[in-house]
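A.B. asks: please work out how this folds:
(2 chains)
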Amino acid sequence: MFDIKKIKDDYLSKLDNDLNIEKVNQIKTELFGKNGMISNSFKTLGSLPNDERKKFASDLNSIKDELQDKIDSKIQEIETKEINSKLENEKVDVTLPEREFNQGKIHPVSQVIDEISSIFSEIGFSVEEGPDIENEHYNFTALNTPDNHPARDMHDTFYLDNNKELLLRTHTSPVQVRTMLNGKPPFKIIAPGRTYRSDSDQTHSPMFHQVEGLHVDKDINMGHLKGCLNYFIKSFFEVDKIKMRFRPSHFPFTEPSAEVDIGYEMKDGKIVIGEGDKWLEILGCGMVHPNVLKNVKVNPDKVQGYAFGIGIDRLGMLKYGINDLRAFFETDYRWLNHFGFDPLDVPSNYRGLSR
Amino acid sequence: MKFTIGWLKDHLDTKKKDNELIEKLTNVGLEVESFENLSSDLDNFKVAKIINAEQHPNADRLRVCDVDIGGQNTVKVVCGAPNAKKDLLTVYAGPGSIIPKNNMKLTISKIRGVTSYGMLCSESELNLSEESEGIKELKSSNYSDKIGKNFFKSNTEKVVDLSITPNRPDCLGVRGVARDLAAAGAGKLKKISLKNIKKNGSQKIKVSISKDKNQGCTVFGSCLIEGVTNQESPQWLKEKIVSLGQKPISAIVDITNYVMLDLNRPLHAYDADKIDKEIIVRNSKKGETFEALDNKEYKLENDMCVISDKSGVLGLGGIIGGTRSGTEINTKNILLESAYFLPRSIRKTSKLLNIDTDAKFRFERGIDPQSIEIGLTKAAQLISEICGGKISKFDIQKISKHEKNKIKFKISLFEKITGFQIKDNEIIEILTDLGFEVSKKKFELDLKIPTWRPDITQPIDIVEEIVRIKGYENIETLEPEKTKIKDTLNKQQKLFHFLQRSVASKGYFETVTWSFTDSKINNLFKENLKEIKIVNPISSDLDVLRNSIFTNLTFYLKKNLDRGFKDISLFEIGPIFKNSKPGEQLTVIGAIKSGKVSRLNWNEKDRIVDVFDVKKDVIQTLVEAGYDRQSFFVRDKSPSYYHPGKSGSVYLDKDEIDPVAYFGEIHPNILKKLDIKTEGLVGFEIYMDYLRENKIKLKDLKTNFEYSDYQKSERDFAFVVDKNFKAQDLIEIISSIDKNLIRSIKIFDIYEGENIPQDKKSIALNVTIQSAEKTLGESDLEKINKLIISTVETKSGAKIRS
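C.D. replies: Residues are numbered from 1 along each chain as shown, chains lettered A, B, ... in the order given. From the prediction side, this is the model:
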């Protein structure tokens, strides 16, 4: 019979040495193998007297557990060490570039259209659209601009036939006509889209974007028009206060008509909207002319309302500090990358219009 | 419309300061474009100092001077004056200056081999005196600190430039502007003071307005002024004309211009001696010609309103006079015309002949038909004062009366439209000041509209008059109400925005290009669509509406390649045109991708972009938009601008007629024709109009969540099929064997070559099998296995590869 206490102490101290896995396995065999010392000790149990046996068995079991735990933790220690030393050699240079990814971009015009739609959605407007090719009636005549009207000269029109019957729409206002002809009041819409005028220089592009607004209901007056635009401009430029000036003007399809200026100042060569004592014209508007309502079979004695037209590209230029209108349409990869927006930046009311 | 404040004050009695008047103009709707001194030709003459004067190398009598004109550097001027010496202060005229004496414009020129930048001036050249010997000498005590400053003091008055909207012809005359200002409380409108002129005898030249159909002239007033001495205008008149940036011509021309600018009353003066017997206002006949005062010969069409005499056409009424009867400096007898022409007729004729004149601009917008006599009176009076002469009685021919129109105006309409109230008395006052005759009934005003306001025809116009004079600042700003009538976006619009951002999220830059394009490029992409020409394109290379988005995308891709970019991904979502009627357009996403994937990447091998890159982008975009990948069907048909062997079309369903998308390599011929140099170019197009709406809403799809927890098994197969056999068909055959059990099929290898007959290929695929009801046993699986093999072999002629 061995002195199991001594065996325990011997092996515990052995296991404290710096061992490799083979050595630990050998110890394991020496103790718990078929002829291992602990295994053999258990075999002697039967030959012991009853009173000794109980005590010896209990001691033996606790020594066995102790040694077993020690061996397990030793093995774990060695394995961990081994993995760690192996990983030591697997080190890569994480400062090397990541795999290629390509960030796409949304064009500022699209982004601004989404911003505008989001703002007007808040105050109950829905979005309507119309065709790029219009006939002369929808673009002019129905909008109270008959053929002999000099106001037609204000629009340099692209024509598609010699009779000047088919044309590229010069403004988004024909959508007013189409919307009202196809429905019944009340109307509360905006209509963003492409518009065309045969005019091309530093500040004019033969194609540009407008958004039309129309609100026609029982008692919509100029106070509502002012309120709506005030709300829109403040929201769009993301400022608390805005200086806004309504100036009488003339459009054949509205009466009374107004042009709207907003206050701005120059700070470090940049336009700052909302402050300062300079005025910048940004849109035209007015009360829908009774002739227009009659032309679309709406009774001007029963309903009335306002309409407005805003240059989308220009709004974008003001908000995002873009100097050149023509660059919008020139597809310069550098420009698109700089002024474009991440596709996940969807303007919305709850997440904010822009980051 | 331009005028000086001084001229305005001929009509407006006011104590307001200039800037108050300017602000008032803006507030009543007369937009002020500018208010500034006119730049004058004389601004080019500067005080200068000769720093150095040397003998000209090739001419004894010339000197080459270095002249200080106040800038950083001196300028070299060749000068012949004997007094051109060092340190002399004199007057320098730069290139572009016009010399007052002879109206010569200076240019930079070589004088005997030495370049001279401008000139040093003598008193005579500056029209200061007759002294032409030597250049002007300036006293250094007065001028030594003024080098570089203007020699001539600017004595021009500040000029107001208004942008007059087409509805306000009355404000094309200074008096009309004054009237608006007066109504808005900026002063009092002065009465027009007309002296009684002596009229002697009748107007001897017979005038008649012929009763043609659509006669464009309704009133023709005239008077004869005999024995005039035409001459230069007096200073006050010259100044008025000059202040507007126009050139004085002769007293008679200047006077007619002055009356037009002052009262918006165009007049025309004929040399009475050049009129053959009588004046006939009639419609032209096709083929008639005349030479107009712009020195161009015009060929007339039928029914243009002309002023003629016995020999033919003298001028186009209300548009332009002719050279045959024009006044000259030696004109003795004048026939003065003051007439009314119908806007419609003026517009039609001037459009057809493409003429734009001051008179046309005014008549087209509507001249006050009751201003005939006042115009004649004012002009005749000035002519006789300045040029002498005997004035005849006025001859007024009329074929229709122009009386004041009447409107009944319900006072409550004002508040209904503007949202605010003003007192009845104030309304009456404003309208009266604007020239309306007002008589008040209980809730209504009976109004007679002034004849100079052709724009006012109905009650809403009266509202505008009152509110603009009262001031738009009185309109309240009402909180917008948030009631919604319908959804902000309809389904199609939502899809548009979704697809737009979906494509961008795959690394494409969105661009916006013009809806028109170069027909030469368009022809490469237009397929069987109709070419839609623009009648008046902005330039010859933007002459058609685009039939495909690729026209502009490829054009701009090339530009970016030329900028040195190689791997470019671009897309646009927008209209293409099928035909030239409204609505004959489609909304299309076009995307292109050039160059390589993983170019110069340290851990991935680069490769040229290929058809499966764009196929992935198309399919993923459609799947993200909610369409079912399982029912997609791909055909190898595509438009001719794609590579015939490396392109295809996507159908949402096998039975659909129109493909929703094309994808593939762009045809190499196109690259050659457009001179596009890149390793590879692929692209895709998605036709939004052919994407049907998803009928099932997402909320209904989500509630239907079914899954199986039973064990999945995977089996690999390799089939040897004909080389042109389509993988899609193989997948379809297998998946239709048992839709409940066969969960997914993945093709993991395509092999051609050794061990495979030349006209065959091997397709290796992995099939996942899972039941929703039980764990499949080995025998179930074996059954399916065999079924797959036998079905494929029967239906496709394939052989399982052992």
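
A.B. asks: so what's residue 148 closest to, chain neighbours aside?
C.D. replies: All of this refers to chain A. Leaving aside its chain neighbours, A:N148 sits nearest to B:R344 (4.4 Å; criterion: CB to CB, 6 or more residues apart in numbering or on different chains). Where C-beta positions appear, they are placed from N, C-alpha and C, glycine not excepted.

A.B. asks: could you do chain B instead?
C.D. replies: Using CB to CB, 6+ apart and skipping the chain neighbours, the partner closest in space to B:G148 is B:G70 (1.6 Å).

A.B. asks: cool, and B:K86?
C.D. replies: B:K86's closest residue in space is B:A53 (CB to CB, 6+ apart), at 5.3 Å.

A.B. asks: make sure that neighbour is actually in contact with B:C65.
C.D. replies: Yes: counting by CB atoms under 8 Å, B:A53 touches B:C65, with 4.7 Å between them.

A.B. asks: what do these two both touch?
C.D. replies: Among the neighbours of B:A53, those also in contact with B:C65 (CB atoms under 8 Å, 6 or more residues apart in numbering or on different chains) are B:C79, B:A84.

A.B. asks: what's the closest non-adjacent residue to the residue in the stretch 201-350 of chain A positioned nearest to chain B?
C.D. replies: For the stretch 201-350 of chain A, the residue closest to chain B is A:P248, as judged by CB to the nearest CB, at 3.0 Å. Counting by CB to CB, 6+ apart, A:P248 lies nearest to B:G29, which is 3.0 Å off, once chain neighbours are set aside.

A.B. asks: the residue nearest to B:G148 belongs to a helix, doesn't it?
C.D. replies: No: the assignment for B:G70 (DSSP: H, G, I helix; E, B strand; the rest coil) gives coil, which keeps it out of a helix.

A.B. asks: where along the stretch 651-800 of chain B do the strands fall?
C.D. replies: For the stretch 651-800 of chain B, the strands defined by DSSP state E, counting those that start in this stretch occupy B:661-666, B:681-687, B:713-722, B:742-751, B:760-769, B:799-800.

A.B. asks: mind telling me what element the residue nearest to A:P248 is part of?
C.D. replies: Assigned by DSSP states H and E, B:G29 falls within no helix or strand.

A.B. asks: would you confirm that it contacts A:E255?
C.D. replies: No: with contact defined as CB under 8 Å, B:G29 does not reach A:E255; the gap is 11.9 Å.

A.B. asks: quick one, which of the two is more surrounded?
C.D. replies: Between B:G29 and A:E255, B:G29 has the larger neighbour count (other CB atoms under 10 Å in any protein chain shown), namely 27 against 24.

A.B. asks: model confidence for the more buried one, exactly?
C.D. replies: At B:G29, the pLDDT value in this model is 94.

A.B. asks: swap in A:D345?
C.D. replies: A:D345 is given a pLDDT of 95.

A.B. asks: and if you look at B:T26?
C.D. replies: At B:T26, pLDDT is 94.

A.B. asks: that one - nearest residue in space that isn't next to it in sequence?
C.D. replies: B:V32 is the one closest to B:T26 (CB to CB, 6+ apart), at 5.5 Å.

A.B. asks: what about that neighbour, neighbour count?
C.D. replies: With other CB under 10 Å as criterion, B:V32 counts 15.

A.B. asks: secondary structure class for whatever residue of the stretch 251-400 of chain B ends up closest to chain A?
C.D. replies: Proximity of the stretch 251-400 of chain B to chain A (CB to the nearest CB) peaks at B:R344, 4.4 Å away. Classification of B:R344 by three-state DSSP places it in helix.

A.B. asks: re the thing from before, B:A53 and B:C65: which has the busier surroundings?
C.D. replies: The neighbour comparison of B:A53 against B:C65 (other CB under 10 Å) goes to B:C65, with 29 against 19.

A.B. asks: ok, now which ones touch that one?
C.D. replies: Contacts of B:C65 by CB under 8 Å, 6+ apart are B:I50, B:I51, B:N52, B:A53, B:E54, B:K76, B:V77, B:V78, B:C79, B:A84, B:L120.

A.B. asks: can you confirm the first one is in a strand?
C.D. replies: Yes: when the secondary structure is assigned by three-state DSSP, B:I50 falls within a strand.

A.B. asks: can you tell me the SS state at A:R194?
C.D. replies: strand.

A.B. asks: that one is in contact with B:I573, isn't it?
C.D. replies: No: here A:R194 lies out of contact with B:I573, judged by CB under 8 Å, at a distance of 11.7 Å.

A.B. asks: so these two - more neighbours on which side?
C.D. replies: Higher neighbour count among A:R194 and B:I573: B:I573, with 23 against 19, using other CB under 10 Å.

A.B. asks: so where does that one fall, helix or strand?
C.D. replies: B:I573 belongs to strand B:569-577, assigned by DSSP H and E.

A.B. asks: and the angle for that strand with strand B:681-687?
C.D. replies: 40 degrees (axes from the mean of the first three to the mean of the last three CA atoms, to 10 degrees).

A.B. asks: mind listing what A:K234 touches?
C.D. replies: With CB under 8 Å, 6+ apart, A:K234 has these contacts: A:D240, A:K241, A:I242.

A.B. asks: for chain A, which segments count as helices?
C.D. replies: Counting by DSSP state H, chain A has helices at residues A:4-16, A:21-32, A:37-44, A:50-89, A:108-122, A:136-139, A:174-181, A:222-237, A:290-295, A:312-320, A:333-339.

A.B. asks: for those helices, give me CSV that also has mean pLDDT.
C.D. replies: Formatted as CSV, the helices of chain A follow (pLDDT from 0 to 100):
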stretch, mean pLDDT
helix A:4-16, 84
helix A:21-32, 87
helix A:37-44, 82
helix A:50-89, 88
helix A:108-122, 97
helix A:136-139, 95
helix A:174-181, 97
helix A:222-237, 96
helix A:290-295, 97
helix A:312-320, 93
helix A:333-339, 97
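
A.B. asks: now those in TSV, with distance to B:I249?
C.D. replies: TSV is the format used below for the helices of chain A (distance: least, CB to CB, whole Å):
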stretch	distance to B:I249
helix A:4-16	120
helix A:21-32	115
helix A:37-44	131
helix A:50-89	97
helix A:108-122	50
helix A:136-139	41
helix A:174-181	46
helix A:222-237	47
helix A:290-295	43
helix A:312-320	42
helix A:333-339	51
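
A.B. asks: for B:H497, find the nearest of the ones you listed.
C.D. replies: The minimum distance between B:H497 and those falls on helix A:108-122, with 6.9 Å, by CB to CB.

A.B. asks: which secondary structure elements does that closest one sit against?
C.D. replies: strand A:187-196, strand A:207-217, helix A:222-237, helix A:312-320 (3 or more CB pairs under 8 Å, 6 or more residues apart in numbering or on different chains; DSSP states H and E).

A.B. asks: for the ones you listed, give me a markdown table that also has distance to B:N37.
C.D. replies: Formatted as a markdown table, these follow (distance: least, CB to CB, whole Å):
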| stretch | distance to B:N37 |
| --- | --- |
| strand A:187-196 | 37 |
| strand A:207-217 | 34 |
| helix A:222-237 | 35 |
| helix A:312-320 | 30 |
